[in-house]
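Participant: Provided below are the primary sequence and the corresponding predicted coordinates.
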Amino acid sequence: MKVKMILPALTEAKSPFWRPIKYSLFPPLGLATLAAYLPPDAEIDLQDEHVEKLFLDDEPELVVIQVYITSAKRAYAIADHYRSKGAYVALGGLHVTSLPDEARQHADTIFLGPGEDTLPAFLKDYAGGRPRPMYQSTTRTLKDIPPVRRDLIKRHLYLVPNSIVVSRGCPHTCDFCYKVAFFEGGKGFYTQQVDQALAEIERLPGRHLYFLDDHLFGDPRFASALFDGMKGMKRLWQAAGTVNSVLAPRSIEKAVDSGLRSLFVGFETLNRNNLVEQNKYQNLDRDYTAAISRLHDAGVMINGSFVFGMDDDDETVFERTVVWAINQGIETATFHILTPYPSTALYQRLKAQDRIVSDDWDLFDTRHVVFKPARMSADALESGYWKAYTDFYKWGSILRGASSKDKLKERLRHVAYAGGWKKFEPLWDWVIRAKRVTSLLPMLEAVLTGFGSHPSGSAKRRAEARSGDRVSFQQENAEKPRQLRTQLRVLQPK
């Protein structure tokens, strides 16, 4: 049986002028994971349109396509193309789960939710000639999951071919999060067995790896055991975590001992009202400055995530956020425009308020405004978003952020990482088009090694220097304490 598995390119990744390196970072791990369930004699072709041109003149029997919101139009066009040629087409992913009625118009079968239980059930029915039009995930477990089909991944096309996922979902339920609906109907967060995860890590060549888990620290006992098992492997790794996980006793220390060198942290907003509104309780009353100091003193660099456009944001939010992030010495920042993805609590709330202004899924990329902001115009929100990127990644800003580090080597690495990420996009474009991205992996490893080998040990000095930032953050919304206490009580579990 010939099987074609496709990850269509996101709209924003197909610019005719340049292809940002972020779209050549990671291989399609989700599809490679599901490929392990296919029959041993299946002839599988896995294609990622972000890094290669799709070949559409073939004649597969079965086509499986993973759909994200900004790749939906492209995914549907590919699906329609193969169905017209007589192939059986199955669609799955976040967007399919959010809008099944839309997706089913372009597929013979759709998968809702995670695929570890739905794909095997479908394959059994397909082999028997009785495939159903829809499969809904209900069993949530990673026990006995087969090894990822990494032989199908074209490693040379990615900067980080050693990506890995050892859990599914997240224990938190932020209103704007797209993945809450994806896991509806079952457990929203679960992990592999530690021995399974360690075995998968052992299969990966080289030193560097990147955990693509939404929250690697989400189960503290699992994370602790995983880090204990990784100690001595001499790995360098990156991952995502929350502010409260950074502040948890011993969590970061164990992670660093096992090779953690860079962490994506969802700060999202400096405004307490916004945290309450978006149900991001894991950040409430957390000391951001203490979390940043803890990471930097352990030699871990930070990619801070920030979202603009929440209801308590006005036009001053952009400058305040950027200045704060620079003063904190955050190495890289990722900014987003608040985006109400279908089926999220945020979408339902804005829809009820008649504030959704677009259903063009190509615009739901966190770069465009698709709703009516509460305290600024849509134009102001969009222009402020772009200005935040410009201001944060100015050479002056990069140098100012680097100056918060004690040692020259730390400052140089801050400049190299932040500057290399955003200031050399034409060079990245050339490397991507030349299909030599993986050749730069040793440079990334060198930067990560440097960050992990010289912790500054100057938490007290930095904490004193940043005390003004901490005070301003805590007092930003002090004018509404009674209202906030009422809101918090509503959010507490009954």
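Facilitator: Okay, I see it.

Participant: If you average pLDDT per helix and strand, which one of this structure comes out bottom?
Facilitator: Ranked by mean pLDDT, DSSP states H and E, the helix or strand of the chain with the weakest confidence is helix 481-491, at a mean of 33.

Participant: and the spatially closest residue to residue 116 that is not a sequence neighbour, backbone torsions?
Facilitator: Excluding its sequence neighbours, the residue lying closest to residue 116 (C-beta to C-beta, 6 or more residues apart in numbering) is residue 145, at 6.2 Å. C-beta here means a position set from N, CA and C on the backbone, and glycine is covered the same way. Backbone torsions of residue 145, given as degrees, to the nearest 10, read phi -70, psi 130.

Participant: what do you get for the one 3 residues further on?
Facilitator: The main-chain torsion angles of residue 148 are listed as degrees, to the nearest 10 and equal phi -60, psi 140.

Participant: So it sits against residue 31, correct?
Facilitator: No. The pair residue 148 / residue 31 is not scored as a contact, 9.8 Å apart, by C-beta atoms under 8 Å.

Participant: Low-confidence stretches in this protein?
Facilitator: Under the criterion pLDDT under 70, the flagged ranges of the chain are 14-20, 450-494.

Participant: show me where it has strands.
Facilitator: Here the chain has its strands, by DSSP state E, at 2-7, 43-48, 62-66, 88-92, 109-112, 134-136, 163-164, 167-169, 189-191, 208-211, 236-241, 260-268, 301-308, 332-337.

Participant: Take those and write them to CSV, including mean neighbour count and distance to residue 102.
Facilitator: Formatted as CSV, the strands of the chain follow (neighbours: other C-beta atoms under 10 Å; distance: least, C-beta to C-beta, whole Å):
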stretch, mean neighbour count, distance to residue 102
strand 2-7, 22, 18
strand 43-48, 19, 23
strand 62-66, 25, 14
strand 88-92, 24, 10
strand 109-112, 24, 10
strand 134-136, 18, 13
strand 163-164, 21, 29
strand 167-169, 23, 23
strand 189-191, 20, 27
strand 208-211, 22, 32
strand 236-241, 23, 29
strand 260-268, 24, 29
strand 301-308, 22, 26
strand 332-337, 20, 23
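
Participant: Compile the ones you listed into CSV and extend it with columns for distance to residue 121.
Facilitator: CSV is the format used below for the strands of the chain (distance: least, C-beta to C-beta, whole Å):
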stretch, distance to residue 121
strand 2-7, 16
strand 43-48, 19
strand 62-66, 14
strand 88-92, 12
strand 109-112, 10
strand 134-136, 6
strand 163-164, 25
strand 167-169, 17
strand 189-191, 18
strand 208-211, 28
strand 236-241, 30
strand 260-268, 34
strand 301-308, 36
strand 332-337, 36
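
Participant: And these: which comes nearest residue 222?
Facilitator: For the strands of the chain, distance to residue 222 was read as C-beta to C-beta. The smallest value, 4.6 Å, belongs to strand 189-191.

Participant: Packing partners of the closest one?
Facilitator: Counting contacts by 3 or more C-beta pairs under 8 Å, 6 or more residues apart in numbering; DSSP states H and E, strand 189-191 packs against strand 167-169.

Participant: at 10 Å instead, please
Facilitator: Applying 3 or more C-beta pairs under 10 Å, 6 or more residues apart in numbering; DSSP states H and E, one finds that strand 189-191 makes contact with strand 167-169, helix 220-230.

Participant: Can you tell me the strand partners of it and which way each runs?
Facilitator: Strand pairing for strand 189-191, using DSSP bridges, gives strand 167-169 (antiparallel).

Participant: what sits up against the strand it pairs with?
Facilitator: When contacts are defined by C-beta atoms under 10 Å, 6 or more residues apart in numbering, strand 167-169 is touched by residues 113-114, 116, 140-142, 177, 179-180, 182-183, 186-192, 197, 211-219, 222-223, 226.

Participant: Recalculate using a threshold of 7 Å.
Facilitator: Residues outside strand 167-169 that contact it (C-beta atoms under 7 Å, 6 or more residues apart in numbering) are 114, 142, 179, 183, 188, 189, 190, 191, 192, 213, 214, 218.

Participant: what's the farthest-apart pair in these?
Facilitator: Farthest-apart pair in the contacts of strand 167-169 is 179 and 192; separation 17.7 Å (C-beta to C-beta).

Participant: can you tell me how far the residue nearest to the spatial centre of the chain sits from residue 143?
Facilitator: Centroid check for the chain by C-alpha atoms, centre = their mean gives residue 214 as the closest residue, at 6.4 Å. Distance from residue 214 to residue 143, counting by C-beta to C-beta, to the nearest Å: 20 Å.

Participant: Spatially, what comes nearest to residue 261 if we skip its sequence neighbours?
Facilitator: Leaving aside its chain neighbours, residue 261 sits nearest to residue 448 (4.0 Å; criterion: C-beta to C-beta, 6+ apart).

Participant: give the contact list for that neighbour.
Facilitator: Each residue near residue 448 by C-beta under 7 Å, 6+ apart is listed here: 208, 236, 261, 262.
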